[in-house]
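Student: test case, fold it:
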Amino acid sequence: MKEAVVFRKNKDMVSRVIDDETILLPIYKSSEEINCIYTLNKIASQVWELIDGKKTLAEINKIILKEFDTTPKEVDKEMTKLLKDLKEAKAIVEKGGQNAKKGKI
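Tutor: Numbering: from 1, shown residues only. Below you'll find the model as predicted:
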């Protein structure tokens with residue numbers, strides 16, 4: 001995991017917290033286009049909240065280690081998987097990365 005990387009949330013993804021779970025829903029033009037809803041557990045929800053376009057992955061990792069009873073190895077493993085899933089769902093975009101549009105990020 002590249003610790004200096006910064007992600008921001010995709011503006012075309014809305015989120016709501018219900019009973020300690022965060023629900024992510026892509027915004028589409030019509031309801032026929034909606035084919036999935038994503039749910040995040042408590043730790044993944046916290047990571048989602050910390051993704052703000054300013055904090056690096058190292059900073060987020062450090063906060064998660066302080067707030068939850070886990071090991072650095074486990075956090076690294078879970079963060080890698082979560083970030084991969086969020087990127088595939090187009091829920092996050094690397095700030096200044098390949099997906100960044102000139103002047104938009």
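
Student: quick one, longest helix in the protein?
Tutor: Looking across the chain with DSSP state H, the single longest helix is helix 72-88.

Student: ok, the helix or strand just after that helix: who's next to it in the sheet?
Tutor: Proceeding N to C from helix 72-88, the next assigned helix or strand is strand 92-94, under DSSP states H and E. Each strand paired with strand 92-94, and its direction, by DSSP bridges: strand 7-9 (antiparallel).

Student: state the three-state secondary structure for residue 3.
Tutor: coil (DSSP: H, G, I helix; E, B strand; the rest coil).

Student: the residue nearest the centre of the chain: which element?
Tutor: Centroid-nearest residue in the chain, with Cα atoms, centre = their mean: residue 48, separated by 4.3 Å. Here residue 48, judged by DSSP H and E, is contained in helix 42-50.

Student: list the buried ones in that helix?
Tutor: Residues of helix 42-50 classed as buried: 43-48, 50 (neighbour count, 16 or more other Cβ atoms under 10 Å). Placement of C-beta: from N, CA and C, glycine included.

Student: tell me how many other residues surround residue 65.
Tutor: Residue 65 has 15 neighbours, counted by other Cβ atoms under 10 Å.

Student: same question for residue 21.
Tutor: 13.
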